[in-house]
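>>> sequence below, structure please.
(2 chains)
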Amino acid sequence: MFRMRLSWAYIWMTIPALGLFMYFHTWPTLHGLMYSFTNWNGFGPFQWIGFSNYAALFKDPQVIHSYLFTFQFAVVTVILVNVLSLIIALALNSKIVLPKTFKALYFMPYVLSTLVVSYIFNYLFSNVEPSVASALHLTNLAQNILGTNWAWVGIVIVACWQGVAFNTILYLAGLQTIPEEVYEASMIDGASPWTNFWKVTFPLIAPFFTINMVLAAKNYLQVFDQIVALTNGGPGTATQSVAFVIYTNGFGGGELAYQSANAAVFLIILILIALLQVRVLQGREVQL
Amino acid sequence: MKQETKLLAVGVTIAGMVVGCGANTNTNSTTPNSGNSTNTGSAQTVPQVQLNFLQNKPEVVTQWNKIIQEFHKKNPNITVKQVNPPNTDTELQADVAKGQVPDIIAMGADATFIQMANNGIFKSLAGRPELAKVSPSYTKMLEAEVGKSTPFALPYTANAVPIIYNQTLFKKYHVAVPTTWNQLIAVAKKIKAAGGTPFYNGWKDSWTIAVPWNALATNEEPANFFTQLKANKTSFTKALPTAAARMKQLSSLGNSNEFGTDYNDANSGFANGKGAMYLQGTWVLPVLRQANPNVKLGTFVFPATNQPSKTKMVSGIDSLLALANSGNSTKEQAAMKFVDFLLQPAVATEYANVAGMFSPVKGAKMQDAALRPLQSYITAGRVVDFADHYYPPAMAAGDQYESLLQGALSKNQSAKSILQQMDTLYKQSAAHE
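Got it, this is the predicted structure:
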């Protein structure tokens, strides 16, 4: 009887949140999925056209290019962000002066809005960097990187500068779960710092590595804000990510149904990647 | 029109600074002096007519209030209430949905206007004497955009795409204003040889590339280009080889960082003497003067061809006047009275001058010395509309063709390749219609 009442209480507590989630998230998703089988342009009447949108996606050079760009960008950024944030976390976790101040300082970029960060970097790239480079007679660098074929590197720099902060915090939390005794034991065995890291620290923070990889991959595959603020997809279509194409062509270009199909395909790809990551990485985790 | 939207955004900032101290910006109503003694006798017999006037430019709210006040002095029985919401097109769509269309509307010749004109929202002005008071080339331009031979609006201000130049730098490099394409390139090469930057391009924002593209393409397009294009009888590749090649020349004579410089950076850079010529529309002049009040600016017609007598200037309608098709004849007559008031040369001159635009109203005078070289083209009607107003919506929306030009020019692709890409994009976009 008591158990029954308790579960009803839980249900009543869950229903409002579930309802809101279904209404604002699941329902629009299903709605979008429905439109992906039509030729709707955002207003007016529409017809059902089956899988034509999906078939057309695989022949659209702009869409294919956006997938290639997004994967290239995500792979590079995920690796860089994780390497850098692990190094910073190790440094912050060692015996340094003012540990709390530095931890707060390294978390600052994450507090700022991505758009604000991107606009500031936009200014640095277009005004400060070229004038510094020309003062140093580095004529090759005296150009706004965002206007060249290397524009994607500019976006990687901004994404890393901001993204490292969050992953650092997660790694720091992971490092603090490792008990001091483990290190004492390895010290007695005469392990070098290098062996210490690879044989003790890294396996023990492996769960955090998994979650960081999954979160970073998800974030950078969906890159959008940085691109809008830095290049707007340019030069030409060079830095158009999948999310950017879905948004600009779907709403601005009257391709609402077509880009809904693109969004559905992208959703499936994201889910598959996340599942794959969890499977591969969780196999490597160890428990104390 | 994209240029105007950007201008509007810039304008909001300026208006914020100019109007910020004192005047209230958004909804302004100016009621006539009801205590007027000449009015008391007839006031009972002539009922008050209240008109809503929607206009889309925040930078000219004060000027409109001034005009409305003068109108009230002469027409005490009509009250005009100015409405200037932040997002005029959305507001207008909502008004139409509610069945409360403003009595008089001043807006750009944009997609919203075209859509509404086609749906009978505005009163047809066919046969009205007001049509004789404005330049017929702009009335025709409006009809062409709507796609019907009925005048649904009167043009009130117009912009243009010339080449803006820095007079001080032209003197420094000892070059004269060119009138043909070959002269323009000769001038540019001379400036480059002397160590200067001929064209200051802000091509990181892809829409800015559309400005010279429109000037070149409209002058090369054969008659009926778009009908032929639709019928698959011509293509960008066949019709515009020179325009594409010339875009490449403009790019090669631009600043070294042209694809890394955005519109705002280009404005401040050009205003501060970093380049001799600027490929932008007249809407940028107030912004340049704000960036550097001492800059000596001049304009000349974009020499898109080698035959000066055949060159046409790209010019679009910046503001038009339309009346609601309300069916209420008292209101419609009162609204027409207001339009007649606005079409007086003195009123039109002052308004166009404050807005930094040309006036297609007959008898209006251009007062901005920098724009004077272009006036004869406006008066003579030697103007063409922006070519991209006739591109399929999917081609112009989301900066599609502008991005294409940006990508191709930044990678230094051949003129042929640029045009082939334009043809592919056109076919894709036309298929969406």
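>>> pLDDT weak spots in the chain?
Going with chain A. A:1-6, A:42-44, A:252-254, A:286-288 (pLDDT under 70).
>>> looking at chain B here, not the other one
Scanning chain B for pLDDT under 70 picks out the ranges B:1-46, B:397-398, B:432-433.
>>> what does it have sitting close to chain A?
By C-beta under 8 Å from any C-beta of the partner chain, the part of chain B that sits against chain A consists of B:203-206, B:256-262, B:265, B:393-394, B:397-400, B:403-404, B:406-408, B:410-411, B:432. In this view, the C-beta of every residue, glycine as well, is placed from N, C-alpha and C.
>>> in the stretch 151-288 of chain A, which residue sits closest to chain B?
Here the residue of the stretch 151-288 of chain A nearest chain B is A:Gly236; by C-beta to the nearest C-beta that distance is 1.4 Å.
>>> surely that residue and B:Glu402 touch.
No: using C-beta atoms under 8 Å, A:Gly236 is not in contact with B:Glu402; the gap is 9.7 Å.
>>> near chain B, which residues of the stretch 51-200 of chain A?
Residues of the stretch 51-200 of chain A lying close to chain B (C-beta under 8 Å from any C-beta) are A:125-127, A:130, A:142-149.
>>> what about 6 Å?
Proximity of the stretch 51-200 of chain A to chain B, by C-beta under 6 Å from any C-beta of the partner chain, involves residues A:126, A:143-144, A:146-147.
>>> now, which of the residues you listed lie within helices?
Cross-referencing those against helices under DSSP state H gives no overlap.
>>> what comes into contact with the one helix or strand A:Ala216 maps to?
If you go by DSSP states H and E, A:Ala216 is part of helix A:206-221. For helix A:206-221, the external contacting residues (C-beta atoms under 6 Å, 6 or more residues apart in numbering or on different chains) are A:70, A:74, A:77-78, A:81-82, A:167, A:170-171, A:174, A:274, A:277, A:281-282, A:284-285.
>>> next structured bit after it?
Counting by DSSP H and E, the next helix or strand C-terminal to helix A:206-221 is helix A:225-230.
>>> export that following helix as CSV, just CAs?
Taking Å, rounded to 0.1, in the frame of the first residue of the first chain, the C-alpha atoms of helix A:225-230 are listed here in CSV:
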residue,chain,number,x,y,z
ASP,A,225,26.9,29.9,-33.1
GLN,A,226,30.6,30.2,-33.8
ILE,A,227,30.0,29.9,-37.5
VAL,A,228,27.2,32.5,-37.6
ALA,A,229,29.3,35.0,-35.7
LEU,A,230,32.7,34.4,-37.3
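>>> could you look up the SS state of B:Lys233?
When classified by DSSP: H, G, I helix; E, B strand; the rest coil, B:Lys233 comes out as coil.
>>> hang on, I meant B:Asp318
strand.
>>> tell me which residues touch it, please.
Neighbouring residues of B:Asp318 by C-beta under 6 Å, 6+ apart: B:157-159, B:357.
>>> what's the local residue count around A:Phe202?
The tally of other residues near A:Phe202 (other C-beta atoms under 10 Å in any protein chain shown) stands at 15.
>>> ok so, going back, any quick ChimeraX command for the buried ones out of the contacts of helix A:206-221?
Restricted to buried positions by 16 or more other C-beta atoms under 10 Å in any protein chain shown, the ChimeraX selection for the contacts of helix A:206-221 reads:
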select /A:70,74,77,78,81,82,167,170,171,174,274,277,281
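>>> list just the nearest of the contacts of helix A:206-221 to B:Thr168.
Nearest to B:Thr168 out of the contacts of helix A:206-221 is A:Thr77 (C-beta to C-beta; 46.7 Å).
>>> would you agree that closest one is in contact with A:Ala159?
Yes: the pair A:Thr77 / A:Ala159 is scored as a contact, 5.1 Å apart, by C-beta atoms under 6 Å.
>>> and the residue in chain B positioned nearest to chain A, what element?
Nearest residue of chain B to chain A: B:Gly407, at 1.4 Å (C-beta to the nearest C-beta). Per DSSP H and E: B:Gly407 is located in helix B:400-410.
>>> now do the buried residues in that helix.
Across helix B:400-410, burial judged by 16+ other C-beta under 10 Å covers B:400-410.
>>> make JSON lines out of these and add distance to B:Phe122.
JSON lines is the format used below for the buried residues of helix B:400-410 (distance: C-beta to C-beta, whole Å):
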{"residue": "B:Gln400", "distance to B:Phe122": "29"}
{"residue": "B:Tyr401", "distance to B:Phe122": "29"}
{"residue": "B:Glu402", "distance to B:Phe122": "30"}
{"residue": "B:Ser403", "distance to B:Phe122": "34"}
{"residue": "B:Leu404", "distance to B:Phe122": "34"}
{"residue": "B:Leu405", "distance to B:Phe122": "34"}
{"residue": "B:Gln406", "distance to B:Phe122": "36"}
{"residue": "B:Gly407", "distance to B:Phe122": "39"}
{"residue": "B:Ala408", "distance to B:Phe122": "40"}
{"residue": "B:Leu409", "distance to B:Phe122": "40"}
{"residue": "B:Ser410", "distance to B:Phe122": "42"}
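>>> what's the following helix or strand after the host helix or strand of A:Val63?
If you go by DSSP H and E, A:Val63 is part of helix A:61-93. Downstream of helix A:61-93, the next assigned helix or strand under DSSP H and E is helix A:99-111.
>>> show residues contacting that following helix.
A:88, A:92, A:162, A:165-166, A:168.
>>> show me the contacts for whichever residue of the stretch 51-200 of chain A sits closest to chain B.
Using C-beta to the nearest C-beta, the single residue of the stretch 51-200 of chain A nearest to chain B is A:Asn144, 2.2 Å away. Listed by C-beta under 6 Å, 6+ apart, the contact set of A:Asn144 reads A:125-126, B:257, B:260.
>>> farthest-separated two in those?
Using C-beta to C-beta, the pair of the contacts of A:Asn144 lying farthest apart is A:Phe125 and B:Asn257, separated by 10.5 Å.
>>> what is the burial count for residue 141?
Answering for chain A, as no chain was given. The burial count for A:Leu141: 13, using other C-beta under 10 Å.
>>> could you do chain B instead?
B:Met141: 25 surrounding residues under other C-beta under 10 Å.
>>> and it, how close does it get to B:Leu288?
Separation of B:Met141 from B:Leu288 (C-beta to C-beta, to the nearest Å): 26 Å.
>>> same question for B:Thr424.
Distance, B:Thr424 to B:Leu288, by C-beta to C-beta: 37 Å.
>>> quick one: which of those two has more around it?
Neighbours of B:Thr424 and B:Leu288, each counted by other C-beta under 10 Å, are more numerous for B:Leu288; the result is 22 against 13.
>>> can you list the neighbours in contact with whatever helix or strand the more buried one lives in?
Following DSSP H and E, one finds B:Leu288 within helix B:285-291. Contacts with helix B:285-291, where a contact means C-beta under 6 Å, 6+ apart, come from B:10, B:267-268, B:271, B:356.
>>> list the contacts for B:Tyr173?
B:Tyr173 makes contact with B:191, B:194, according to C-beta under 6 Å, 6+ apart.
>>> from A:Val242, how far out is it?
Separation of B:Tyr173 from A:Val242 (C-beta to C-beta) stands at 48 Å.
>>> do the same with B:Ser326
48 Å.
>>> tell me the contacts of B:Val49?
The contact partners of B:Val49, by C-beta under 6 Å, 6+ apart, come to B:78, B:330, B:334.
>>> so how many other residues sit close to A:Val117?
Neighbours of A:Val117 under the rule other C-beta under 10 Å: 20.
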